[in-house]
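1. Quick check, what structure comes out for this input:
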Amino acid sequence: MAVDKNMPVLIVDDYSSMLRIIRNLLFELGFKNITEATDGREALKKLNRDAYGLIISDWNMEPMSGYDLLVAVRKDEQMKKTPFIMVTAESKVENVVAAREAGVDNYIIKPFNGATLKQKMKRVIGDF
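-> Sure, this is the predicted structure:
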């Protein structure tokens, strides 16, 4: 069964240019129901208000990082099964391990293109 491209997607990054890039890549892939947040704290407020079918979050943000957001999401009964893709410019092995242990579904290293995003999303949410 194909994924509904109308499902709500939350993208989280503290750089507006990166939010724009991810939004445009998602648009190219057919996803239109996209909400943005500029850090983990803002994302958590939106997640507590609305349900999302996918979270795509940067790692390095202040005051609440993407890693801290991931931990909070996985501890919450309502959203703990929400697919979560971490995006980062750092390819440190310890970060990848920490994210996996915290329950991340997939990991993308910046810079990336639409093909990479699509591949990572398919692994997490299925065909679309």
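
2. can I assume residue 11 sits in a strand?
-> Yes - Residue 11 sits within a strand when classified using DSSP: H, G, I helix; E, B strand; the rest coil.

3. beta partners for it?
-> residue 36, residue 56 (DSSP bridges).

4. Identify the residues contacting it.
-> Residues counted as contacts of residue 11 (CB atoms under 8 Å, 6 or more residues apart in numbering) are 19, 22, 23, 26, 34, 35, 36, 37, 55, 56, 57. Just so you know, the C-beta spots here come from the backbone N, C-alpha and C atoms, and that holds for glycine as well.

5. rerun at 10 Å
-> Residues in contact with residue 11 (CB atoms under 10 Å, 6 or more residues apart in numbering) are 18-23, 25-26, 34-37, 43, 52, 54-58, 85, 87.

6. From these, keep the buried residues only.
-> With neighbours counted by 16 or more other CB atoms under 10 Å, the contacts of residue 11 contain buried members at 18-19, 21-23, 25-26, 34-37, 43, 52, 54-58, 85, 87.

7. Which helix or strand lies directly C-terminal to the worst-scoring helix or strand of the chain on mean pLDDT?
-> The least trusted helix or strand in the chain, going by mean pLDDT, DSSP states H and E, turns out to be helix 93-102, with a mean of 91. Next along the chain after helix 93-102, taking DSSP states H and E as the criterion, comes strand 106-109.

8. which residues in this structure form helices?
-> 16-28, 40-49, 66-75, 93-102, 114-125 (DSSP state H).

9. can you list these in a markdown table and add distance to residue 2?
-> Formatted as a markdown table, the helices of the chain follow (distance: least, CB to CB, whole Å):
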| stretch | distance to residue 2 |
| --- | --- |
| helix 16-28 | 16 |
| helix 40-49 | 25 |
| helix 66-75 | 25 |
| helix 93-102 | 27 |
| helix 114-125 | 10 |
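
10. wait, which of the ones you listed is closest to residue 108?
-> Closest to residue 108 of the helices of the chain is helix 114-125 (CB to CB; 5.4 Å).

11. which residues sit against the closest one?
-> 3-4, 7, 9, 21-22, 24-31, 53-56, 83-87, 104-109, 112-113, 127-128.

12. Can you say which of those are buried?
-> 3, 9, 21-22, 25-26, 29, 31, 53-56, 83-87, 104-108.
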